[in-house]
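In: have a look at this prediction, sequence included:
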Amino acid sequence: MNLVQLVYASRMSGPLSMSELVQMLDVARSRNAQAGLTGMLTFGAEEFLQVLEGPADAVNALYSKLMTDPRHKDLVLLGYGPIAVRQFADWSMGFYSLGDDGLLAEAGLPADRFDPASMKFEQALRLLRAMSDRLGRAESGAGPAGTRAMSSRPREGAAPIRQVSG
């Protein structure tokens, strides 16, 4: 099978409620499982960062749909290429809601600013892998104190990091 990995950033084109986000994730998980896609999504104040993995035709078709999805704007392709092994095989669509939990700094990124469109591919992938690892530890109960509350579902009332100017 010809597997590829695609990483992109985008911004919301309008407001998105937590219930709309949950519904979007549920639909994505079902469709991704049917198409043989895996990946991880994170959401900041109004920015998305996502990795998709799977058969090239399925990844390409989904990215084409995302490019015309009215919920997204300013899509930036951060990386695309063949892979031998999936890095996010456990997630039909893992989700991590960014908050003030130190993960950006842990991934070597500025802790006060989530700007995925300006990330290099390697930075974005490192952050997404750290999120996947943290979710995996939290769901298994093996994470550090306080991480058990995190899951692949968005947390109601999670405080996203706000992009700061300057």
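Out: Ah, there it is.
In: excluding chain neighbours, what is closest to the residue sitting nearest the centre point of the chain?
Out: In the chain, the centroid-proximal residue (C-alpha atoms, centre = their mean) is residue 41; its distance is 1.7 Å. Spatial nearest neighbour of residue 41, excluding adjacent residues (C-beta to C-beta, 6 or more residues apart in numbering): residue 50 at 4.6 Å. Bear in mind the C-beta positions are built from the backbone N, C-alpha and C, glycine included.
In: run through who's touching the helix or strand encompassing the one you found.
Out: Under the criterion DSSP states H and E, the helix or strand holding residue 50 is strand 47-55. Strand 47-55 has contacts (C-beta atoms under 8 Å, 6 or more residues apart in numbering) with 1-12, 32, 35-42, 59, 62-63, 72, 83, 86-89, 114-117, 119, 124-125, 127-128, 163.
In: could you redo the last one with a cut-off of 6 Å?
Out: 1, 5-11, 36-42, 59, 86, 88, 116, 124, 128 (C-beta atoms under 6 Å, 6 or more residues apart in numbering).
In: that older thread, the residue nearest to residue 41 pairs with what?
Out: With DSSP bridges as the criterion, residue 50 is bridged to residue 8, residue 41.
In: and it, how far is that from residue 112?
Out: From residue 50 across to residue 112, the span is 22 Å (C-beta to C-beta, to the nearest Å).
In: repeat for residue 76
Out: On the measure of C-beta to C-beta, residue 76 and residue 112 end up 21 Å apart.
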